[in-house]
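S.K.: Take a look and give me a structure for this.
(one chain, ligands or ions: 1)
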Amino acid sequence: MRIHVADHPLIAHKLTALRDETTDSPTFRRLADELVTLLAYEATRDVRVDEVTVTTPVAEAKGTKLASPKPLVVPILRAGLGMLDGMMRLLPTAEVGFLGMVRNEDTLEASTYAERLPDDLSGRQCYVLDPMLATGGTLAAAIRFLVDRGADHITAICLLSAPEGCDRLEKELDGLDIPVTVVTAAMDEKLNEKGYIVPGLGDAGDRLYGVV
Ligand code: URA
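M.R.: Now for the predicted structure:
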């Protein structure tokens, strides 16, 4: 597994505003959207392409187009939905599958409560959207789910990550023989006793959509 912490002043700037507890929901949604687009640029460096030839008004030129099958973008409900538009801005022809996972706040374990994904993901590159890589349980379960369906290349985009989550992901995905990359805007300090990232930004779902 590879972790890529995107190091860019614009990413750092937007993330700082996102962390601020006085940032309201509409601004938080806009910033998350912009941040994901910047992270998506980093995350799609390995997107599969085919060579094509294009005719310009002057001559023929060698070019590139996204390969088939198209990449699959998988937001993890609920908070991952706040990352979808920012991702699709860069990959408008990608397909979208949904995975609903919930974390039990006592055990901190993840379980699947909804899924809308192709049965066969053989040969598919998948981009998983999950804003907070905290304990790593949800993301590990989501990645396993996609691999079990045949996905052969997975990139997770997370706004924030904690070292504990990365370690767990590393352990749980040990032995997987497909490339897995996590692209994140920052690696924070730690998790607190409630499983929140410190300093973090609080509950991403609540800040995007309000407390349910
Ligand atoms: N999920 C969140 O929304 N925030 C955290 O800090 C950890 C998990």
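
S.K.: Quick one: name the residues of this protein near the ligand.
M.R.: Within the chain, the residues that sit near the ligand (C-beta under 6 Å from any ligand atom) are 79, 132, 134, 195, 196, 197, 200, 203, 204, 205. From N, CA and C alone the C-beta is placed, and that goes for glycine too.

S.K.: Verify the contact between residue 88 and residue 72 for me.
M.R.: No - look at residue 88 against residue 72 with C-beta atoms under 8 Å: they stay out of range, at 11.9 Å.

S.K.: More neighbours: which of those two?
M.R.: residue 72 (22 against 17; other C-beta atoms under 10 Å).

S.K.: Sketch out the low-pLDDT regions of the chain for me.
M.R.: Where the chain drops to pLDDT under 70, the residues are 108, 212.

S.K.: which other residues reach the top helix by length along it?
M.R.: Counting by DSSP state H, the longest helix found in the chain is helix 25-43. Helix 25-43 is touched from outside by 4, 6, 8, 10-11, 14-15, 17-18, 23, 82-83, 85-87, 89-91, 127, 129, 131, 155, 157, 159, 181, 183-185, 204, 207-210, with contacts defined as C-beta atoms under 8 Å, 6 or more residues apart in numbering.

S.K.: Need the buried ones from those selected in PyMOL.
M.R.: With 16 or more other C-beta atoms under 10 Å as the criterion, this PyMOL line picks the buried residues out of the contacts of helix 25-43:
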select buried, resi 6+11+14+15+17+18+23+82+83+86+87+90+91+127+129+131+155+157+159+181+183+184+185+204+207+208+209
